[in-house]
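Engineer: Just to be clear, the model below is a prediction. Sequence and coordinates:
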Amino acid sequence: MSGARPAPATAAAEAAVAGAAAPPVLEVHDLHVRRGGAHVLQGVDLAVHPHRVTALLGRNGAGKTTTLLAVLGLLPGTGRVRLDGEDVLGVPTARLVRRGIGYVPEDREVFGALTVAENLRLAARTPQAAERLDRVHELFPDLRQRHRQRAGTLSGGQQQMLAIARALLNPNRLLLVDEPTKGLAPAVVADVVAALQRAAAETTVLLVEQNLRVARQLAGDVVVLDHGRVAHRGDAAGLFADPGRVAALLGVSGPPGPPGPPGGARTAGARP
Ligand SMILES: Nc1ncnc2c1ncn2[C@@H]1O[C@H](COP(=O)(O)OP(=O)(O)OP(=O)(O)O)[C@@H](O)[C@H]1O
């Protein structure tokens, strides 16, 4: 990572600055993954530092979701994946989840026929989850109000918040979040960004995001993949201050714009 960091304004920002110097929560080294005969990840190296949001960026098909799935043990790979310094490549997913990896998949995967409260109850895996439910309700007051509503009748943004809330119920060391704003209207994107900011104050996040304005708002660090390889790694502010580099790496025609209401440029080939 490079570049001077601005003075932190909040406790969460202070923790993020301290986290940059702390040992990584997640380290991936020379990760190779093959899918359907294709060599999709070709030696990915990245590190995710505590109390920070690391955005995993790249054009469509670059290998972002594949990276998350391999870290989670849902796809076989070779190389090295370390969680809090321990090798975990090949460890079954259920054990990784117990070790503190939370996952918010691209399609949210809430149980549509169950209520908000039932969805939260099902996600709880530790005795502390009951205590954390109060905290989650503080973070997402909308979910408290809607606790009897069936999850399938929530809006896309509300379902995304429920998916994030489910992951926060457990004391996760690391949250993997895949394209949380995909397919959401700009006004709802702002709500999801706010929810992720709250989540990021609680834990460390590896975020796959195609909306560069969202990535800019949330991320302290960035890793850019290109055809299964790391094309760039560094602090987010440094990359986003260089529109030419953003365009070269991500194929957008202009800068992602200043932090503010989302709706900015999306990575080339991104879905609307
Ligand atoms: N089951 C599969 N069999 C073969 N190839 C696959 C399979 N799933 C994904 N791929 C390929 O792996 C590559 C990486 O896919 P991946 O979903 O990781 O990309 P991504 O960066 O997350 O893309 P997007 O932004 O479009 O979601 C793509 O070329 C994709 O076609």
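Structural biologist: Good, I have the coordinates.

Engineer: how deep is the residue in the stretch 151-272 of the chain that the ligand sits nearest to tucked in, by neighbour count?
Structural biologist: Closest contact between the stretch 151-272 of the chain and the ligand, by C-beta to the nearest ligand atom, is at Gln210 (6.0 Å). In short, each C-beta sits where N, CA and C put it, glycine included. Residues near Gln210, counting by other C-beta atoms under 10 Å, number 23.

Engineer: try Gly156
Structural biologist: What Gly156 shows, counting by other C-beta under 10 Å, is a neighbour count of 15.

Engineer: Leaving out chain neighbours, which residue sits closest to it?
Structural biologist: Nearest non-adjacent residue to Gly156, counting by C-beta to C-beta, 6 or more residues apart in numbering: Leu184, 5.3 Å away.

Engineer: what's near enough to touch that neighbour?
Structural biologist: By C-beta atoms under 8 Å, 6 or more residues apart in numbering, the contact set of Leu184 is Gly156, Gly157, Gln160, Val192.

Engineer: What of Leu122?
Structural biologist: Phe111, Leu114.

Engineer: ok, now with 7 Å
Structural biologist: Contact analysis of Leu122 by C-beta atoms under 7 Å, 6 or more residues apart in numbering lists Phe111.

Engineer: what helix or strand is it on?
Structural biologist: Per DSSP states H and E, Leu122 falls inside helix 116-123.

Engineer: How about His29?
Structural biologist: Using DSSP H and E, His29 maps to strand 26-35.

Engineer: Packing partners of that strand?
Structural biologist: strand 38-48, helix 64-71, strand 78-83 (3 or more C-beta pairs under 7 Å, 6 or more residues apart in numbering; DSSP states H and E).

Engineer: okay, the ones you listed, which one's buried deepest?
Structural biologist: helix 64-71 (a mean of 24; mean count of other C-beta atoms under 10 Å).

Engineer: Any idea how far that one is from the middle of the chain?
Structural biologist: 11 Å (C-alpha atoms, centre = their mean, to the nearest Å).

Engineer: One more: stretch 196-215?
Structural biologist: Centroid displacement of stretch 196-215 relative to its chain, using C-alpha atoms, centre = their mean, is 5 Å.

Engineer: Mind listing residues that contact the longest helix along the chain?
Structural biologist: Taking DSSP state H as the criterion, the chain has its longest helix at helix 186-202. With contact meaning C-beta under 7 Å, 6+ apart, helix 186-202 is reached by 12, 53, 139-140, 155-157, 160-161, 164, 168, 175, 177, 180-181, 184, 205, 211, 214, 217-218, 261-263.

Engineer: Tell me who's in contact with the residue positioned nearest the centre of the chain.
Structural biologist: Residue closest to the average C-alpha location in the chain (C-alpha atoms, centre = their mean): Leu207, at 2.2 Å. For Leu207, the contact set (C-beta under 7 Å, 6+ apart) comprises Val53, Thr54, Ala55, Leu56, Val177, Leu218, Ala219.

Engineer: Next: Val110.
Structural biologist: When contacts are counted by C-beta under 7 Å, 6+ apart, Val110 touches Asn119, Ala151, Gln159, Leu162, Ala163.

Engineer: how about 10 Å then?
Structural biologist: Shown in contact with Val110 (C-beta atoms under 10 Å, 6 or more residues apart in numbering): 116, 119-120, 122-123, 150-152, 154, 158-163, 165-166.

Engineer: What distance do you get for the residue in the stretch 1-150 of the chain positioned nearest to the ligand to Val71?
Structural biologist: Nearest residue of the stretch 1-150 of the chain to the ligand: Gly36, at 2.6 Å (C-beta to the nearest ligand atom). Distance of Gly36 to Val71, given as C-beta to C-beta, to the nearest Å: 19 Å.

Engineer: Surely Arg150 is in contact with Leu114?
Structural biologist: Yes: using C-beta atoms under 10 Å, Arg150 is in contact with Leu114, at 6.9 Å.

Engineer: related to what we said a few turns ago, next secondary structure after the longest helix of the chain?
Structural biologist: Where DSSP H and E defines the elements, the next helix or strand beyond helix 186-202 is strand 204-208.
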